[in-house]
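model the following, please.
(2 chains)
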Amino acid sequence: DAGVIQSPRHEVTEMGQEVTLRCKPISGHDYLFWYRQTMMRGLELLIYFNNNVPIDDSGMPEDRFSAKMPNASFSTLKIQPSEPRDSAVYFCASSLQGPGGNEQFFGPGTRLTVL
Amino acid sequence: GESVGLHLPTLSVQEGDNSIINCAYSNSASDYFIWYKQESGKGPQFIIDIRSNMDKRQGQRVTVLLNKTVKHLSLQIAATQPGDSAVYFCAETPQRGGNKLTFGTGTQLKVEL
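The predicted structure is shown next:
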């Protein structure tokens, strides 16, 4: 398995533009998580899905952020309109529900810069 | 609210020495703990985990110790190598099985040659 795949790896955009980040979880994983990482706030959970259904979106900063998971192999995180303070590294992670534990496998991240 | 935090933001060790990275947690209901390693430009990578019914678990060159009395978690790295240089995060969850993790703020480990 190639692991969690994210695209793009880097995104530079101007304030006010729409940004869409993409994630392909590991095949067979039941959970998908979106995180944001900044120097100031560390690693923050934005939202997570179980079997394609959003379970907890309490970490989503505001209405400008939205996330979807149309099927088990694809999820998007959209920011519209983007602002400079959204600049961060966004990680997607997936995990397999079961007695083995909560190990989450992280993708390489998308570095977003909003000018 | 409940939180997970680290005592030291930066730890410098000599190559070959042992490293100890500490983590305090406040949620008494925490049942499962994980240590992650994040190298520059990469996503966090699983190192080792431990359940609340254990107080020690060993892996390859790494040992995790859990003290539930004082809500303290530590990661010990034996014979630290340059490749161990990274940011280390502890994370916890109230239960096992794929639910969300709460991450600490991270400790930067620097290995000096």
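
help me confirm that residue A:3 comes into contact with residue A:105.
Yes. Residue A:3 is in contact with residue A:105 according to C-beta atoms under 8 Å; the separation is 6.3 Å. C-beta coordinates here come from the backbone N, C-alpha and C atoms, glycine included.

and these two? which has more neighbours close in?
residue A:105 (20 against 14; other C-beta atoms under 10 Å in any protein chain shown).

how about the more buried one, phi and psi?
phi -100, psi 120 (degrees, to the nearest 10).

distance of it from chain B?
7 Å (C-beta to the nearest C-beta, to the nearest Å).

how much space separates that residue from residue A:31?
Going from residue A:105 to residue A:31 by C-beta to C-beta, to the nearest Å gives 10 Å.

anything in contact with each of those two?
Here residue A:105 and residue A:31 have A:94-95 as joint contacts, going by C-beta atoms under 8 Å, 6 or more residues apart in numbering or on different chains.

quick one, phi psi at the residue of chain A found nearest chain B?
Per C-beta to the nearest C-beta, residue A:106 is where chain A lies closest to chain B, at 3.3 Å. When read as degrees, to the nearest 10, the backbone of residue A:106 gives phi -100, psi 150.

okay, now it: neighbour count?
22.

that one against residue B:39, yeah?
No. Residue A:106 is not in contact with residue B:39 according to C-beta under 8 Å; the separation is 11.5 Å.

now the common contact residues for these two.
residue B:45.

quick one, phi psi at the residue lying closest to residue A:65 once chain neighbours are set aside?
Leaving out its chain neighbours, the residue that sits closest to residue A:65 by C-beta to C-beta, 6 or more residues apart in numbering or on different chains is residue A:79, at 5.7 Å. The phi and psi torsions at residue A:79 (degrees, to the nearest 10) take the values phi -120, psi 120.

how about residue A:84?
phi -60, psi -30.

phi and psi next, for residue B:84.
In terms of degrees, to the nearest 10, the main-chain angles of residue B:84 are phi -80, psi -10.

burial measure for it, as a count.
When neighbours are defined as other C-beta under 10 Å, residue B:84 has 19 of them.

model confidence for it, exactly?
With respect to pLDDT, residue B:84 scores 97.

also residue A:41?
On the pLDDT scale, residue A:41 gets 81.

helix or strand for the residue minimising distance to the centre of chain A, which one?
Compute the mean C-alpha point of chain A, and by C-alpha atoms, centre = their mean the closest residue is residue A:34, 2.9 Å away. Using DSSP states H and E, residue A:34 sits in strand A:31-38.

hang on, the earlier thing: give me every residue that touches the residue nearest to the centre of chain A.
Residues near residue A:34 by C-beta under 8 Å, 6+ apart: A:23, A:45-48, A:67, A:75, A:77, A:90-92.

which residue comes closest to it once chain neighbours are left out?
With sequence-adjacent residues excluded and distances taken as C-beta to C-beta, 6+ apart, residue A:34 is closest to residue A:46, at 4.4 Å.
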